[in-house]
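Colleague: The sequence and its predicted three-dimensional model are supplied below.
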Amino acid sequence: MTSIPIDIPFAIDFRITVGYVQPQIKKIDPLSSMEILPVGRAFQHRASQILNNRTLAEQENFIAEQLQSDKNNSLDEDHEVDDGAGDEPEDKDLLALDPRDWKNQDQYAVLGLSSLRWRATPDQIKRAHRKKVLRHHPDKKAGQAGNANDDSFFKCIAKAYEVLSDPVKRRQFDSIDEEVEDTVPTEKEVNASPEAFFMLYGPVFEREGRFSSKQPVPSLGDINSTHEQVENFYDFWLKFDSWRSFEWKDKDANEGSDSRTEKRHIENKNRSERERRKKEDNARRRNIVETALSLDPRMKKFKAEERLAREAKRKGPTASGTGSSTPVLSASEIQEKQAAELKAKEEVEKKAQQDKVVKEAAKKAKEAAKKNLKKEKKTIQSLITGSNYFLADGETVIASVIEGQLSELDVLTTGLEPEEVTEMRKELESNHGQGKPAMKSVLVRFAKKVSDAGKGTFKEFI
């Protein structure tokens, strides 16, 4: 090969070629075949365009509309509908709650759910808690005058949410919720009209059904329910399996006590009290069911039909041709009957509305008396504690004496009328300066009154 000289306008340093190694080129792998499937977003859009006979511009507009629709749907799913959960007004008594006494507070009222109570859903509880936290957080209230108690109520909110967001704790609180209506209609109210039974007993069974381990609970039905449906309904309630428990009312051991004997004694007493309350609740519910069964107009109708069937069977087939047929009512008689039924229904509804107003007033009075009773009881308990449980100054008080006196105080305040409890508190305060015997004599006198009425027995206050 002949070399051809080339003129280069600059010098080349050939030293850079020293050590240069020409790279080795690998052989190209042999070709392989593979199957390509028509999938993917691009193919989907192209296929949609062809199948729907759209132009490219029309297809792009269609895709844009679809994306906007998906975005709107996503926003709708994330948007929370505000149904007013947690917006109930807050009175002074509610805001003045002591977080140390959180177990005795109305957990639903603290979160603004007192109108819903056991019907409140977990989502409503969560939203109500969020509203309360935003409204009463100490950081938000810091620096505002007259809000010294906000931190305390914020702690009450935290405790209420802790209880109601925990299914086990919520069941325990629901089991003893005293704010739920617990009245049962009387026989006179039920017999006012055929519809009264269903109007009055329907809410009762709905209320009691919340404690059922088996869900859903069968409906009470109406006057047209079949014999089988009615029998199945009462069979369910007579075999009712209740999850209701009474741990919430358990008494705690004295703070700071390490005595195993004392703790075991309190545990045994709590267990005994739970069993007693459970037994009483089962008897109460069974009494409701048996009373409803005896007043149910359908059961009376079924018995009458069975009696007529027996009589027809006893008379034999020949009686069917000679017996009297059901009288046919004229148009005017039908109208009169319908008017009478309508009037009776209106009277029942009017009576129910009046009863509702009376019950609400009685409920408010009961709540006020209960709040006052708690204050009176707390004051009396402080007086008993301050007097060293009527033992000599410096003498050590054993756990059984403390528990005995406080338990008997519960019996006392339960057995007396609210105004009598107030009178007892006033006498204790007036006798405070006269010594422990004078104070104890007040309790002994009121205890004798409760004992004579058959409402309790006493060992400490005798």
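Modeller: Now that the structure is in, tell me what you want to look at.

Colleague: okay, now residue 165: neighbour count?
Modeller: Residues lying near residue 165 (other C-beta atoms under 10 Å) number 14. For the C-beta atoms, the positions are set from N, CA and C on the backbone; glycine is no exception.

Colleague: nope, residue 170 is what I meant
Modeller: Residues within reach of residue 170, counting by other C-beta under 10 Å, total 19.

Colleague: Make 24 the starting number, not 1.
Modeller: From this message on, residue numbering opens at 24, which makes the last subject residue 193.

Colleague: Test my guess that it contacts residue 186.
Modeller: Yes - shown here, residue 193 and residue 186 form a contact pair, counting by C-beta atoms under 8 Å, at 6.2 Å.

Colleague: those strands in the stretch 174-323 of the chain, which residues are they?
Modeller: For the stretch 174-323 of the chain, no strands are identified by DSSP state E, counting those that start in this stretch.

Colleague: Could I get the average pLDDT for the helix ranked longest in the chain?
Modeller: With DSSP state H setting the assignment, residue counts place helix 354-409 as the longest helix in the chain. Mean pLDDT, helix 354-409: 78.

Colleague: helices or strands next to it in the packing?
Modeller: Where contact means 3 or more C-beta pairs under 8 Å, 6 or more residues apart in numbering; DSSP states H and E, helix 354-409 is packed against helix 219-231, helix 422-438, helix 441-453.

Colleague: Check the offset of the first one from the chain's centre.
Modeller: This means helix 219-231. Mean-position distance between helix 219-231 and its chain equals 19 Å (C-alpha atoms, centre = their mean, to the nearest Å).

Colleague: Report pLDDT for residue 127.
Modeller: pLDDT, residue 127: 92.

Colleague: rewinding a little: and the angle for the longest helix of the chain with helix 422-438?
Modeller: 150 degrees (axes from the mean of the first three to the mean of the last three C-alpha atoms, to 10 degrees).

Colleague: and the angle from helix 354-409 to helix 219-231?
Modeller: If you take the same axes, to 10 degrees, helix 354-409 sits at 40 degrees to helix 219-231.

Colleague: What angle do helix 441-453 and helix 354-409 make with each other?
Modeller: Going by the same axes, to 10 degrees, helix 354-409 makes 10 degrees with helix 441-453.

Colleague: Now do residue 467: how many residues are near it, please.
Modeller: Per other C-beta under 10 Å, the neighbour tally for residue 467 reads 15.

Colleague: shouldn't it be in contact with residue 484?
Modeller: Yes - with contact defined as C-beta under 8 Å, residue 467 and residue 484 form a contacting pair (5.1 Å).

Colleague: between the helices and strands packed on helix 354-409, which gets the lowest average pLDDT?
Modeller: The bottom spot among the helices and strands packed on helix 354-409, by mean pLDDT, belongs to helix 422-438, with a mean of 85.

Colleague: Pull it out as CSV, backbone CA atoms only.
Modeller: Extracted in CSV, the C-alpha atoms of helix 422-438 (Å, rounded to 0.1, in the frame of the first residue of the first chain):
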residue,chain,number,x,y,z
ALA,A,422,-59.6,0.1,103.7
SER,A,423,-62.7,-1.7,104.8
VAL,A,424,-63.9,1.3,106.8
ILE,A,425,-63.3,3.7,103.9
GLU,A,426,-65.1,1.4,101.5
GLY,A,427,-67.9,0.7,103.9
GLN,A,428,-68.7,4.3,104.7
LEU,A,429,-68.5,5.5,101.0
SER,A,430,-70.6,2.5,99.9
GLU,A,431,-73.2,3.3,102.6
LEU,A,432,-73.1,7.0,101.5
ASP,A,433,-74.1,5.8,98.0
VAL,A,434,-77.0,3.9,99.5
LEU,A,435,-78.0,7.0,101.5
THR,A,436,-78.0,9.4,98.6
THR,A,437,-79.9,6.9,96.4
GLY,A,438,-82.5,6.2,99.1
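
Colleague: What are the neighbouring residues in contact with residue 215?
Modeller: By C-beta atoms under 8 Å, 6 or more residues apart in numbering, the contact set of residue 215 is 367, 370, 371, 374.

Colleague: Let me have those residues in TSV, extended by distance to residue 225.
Modeller: As requested, the contacts of residue 215 are exported to TSV (distance: C-beta to C-beta, whole Å):
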residue	distance to residue 225
367	18
370	18
371	13
374	16
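
Colleague: which one of these is nearest residue 69?
Modeller: For these, the minimum distance to residue 69 (C-beta to C-beta) is 69.6 Å, reached by residue 371.

Colleague: Count the neighbours of that closest one for me.
Modeller: 19.

Colleague: How about residue 250?
Modeller: Using other C-beta under 10 Å, residue 250 is surrounded by 13 other residues.

Colleague: Okay, it and residue 447: tell me how far apart.
Modeller: Per C-beta to C-beta, to the nearest Å, residue 250 is found 57 Å from residue 447.

Colleague: now residue 237
Modeller: 46 Å.

Colleague: neighbours around the residue nearest to residue 193 when sequence neighbours are not counted, how many?
Modeller: Closest residue to residue 193 apart from its sequence neighbours, by C-beta to C-beta, 6 or more residues apart in numbering: residue 187 at 5.1 Å. When neighbours are counted by other C-beta under 10 Å, residue 187 registers 24.

Colleague: wait, doesn't residue 187 sit right on residue 196?
Modeller: Yes - at 7.4 Å, residue 187 counts as touching residue 196 under the criterion of C-beta under 8 Å.

Colleague: which neighbours do the two share?
Modeller: Overlap of the contact sets of residue 187 and residue 196 (by C-beta under 8 Å, 6+ apart) consists of residue 130.

Colleague: Please parse this protein into its domains.
Modeller: Listed by automatic domain parsing, the domain ranges of the chain are 64-91, 115-197, 210-335, 386-475.

Colleague: Show me the one of the ones you listed that comes nearest residue 380.
Modeller: Checking the domains of the chain against residue 380 by C-beta to C-beta gives domain 386-475 as the closest, at 10.7 Å.

Colleague: Output the below-cut-off pLDDT ranges for this structure.
Modeller: The chain contains residues with pLDDT under 70 at 24-45, 94-104, 165-173, 278-280, 339-358, 361.

Colleague: Next, count neighbours for residue 431.
Modeller: 20.

Colleague: For it, give me its contacts.
Modeller: Contacts for residue 431 (C-beta under 8 Å, 6+ apart) come out as 470, 479, 481, 482, 483, 484.

Colleague: who wins for neighbours among these?
Modeller: For the contacts of residue 431, neighbours were counted by other C-beta under 10 Å; the highest total belongs to residue 470, with 25 neighbours.
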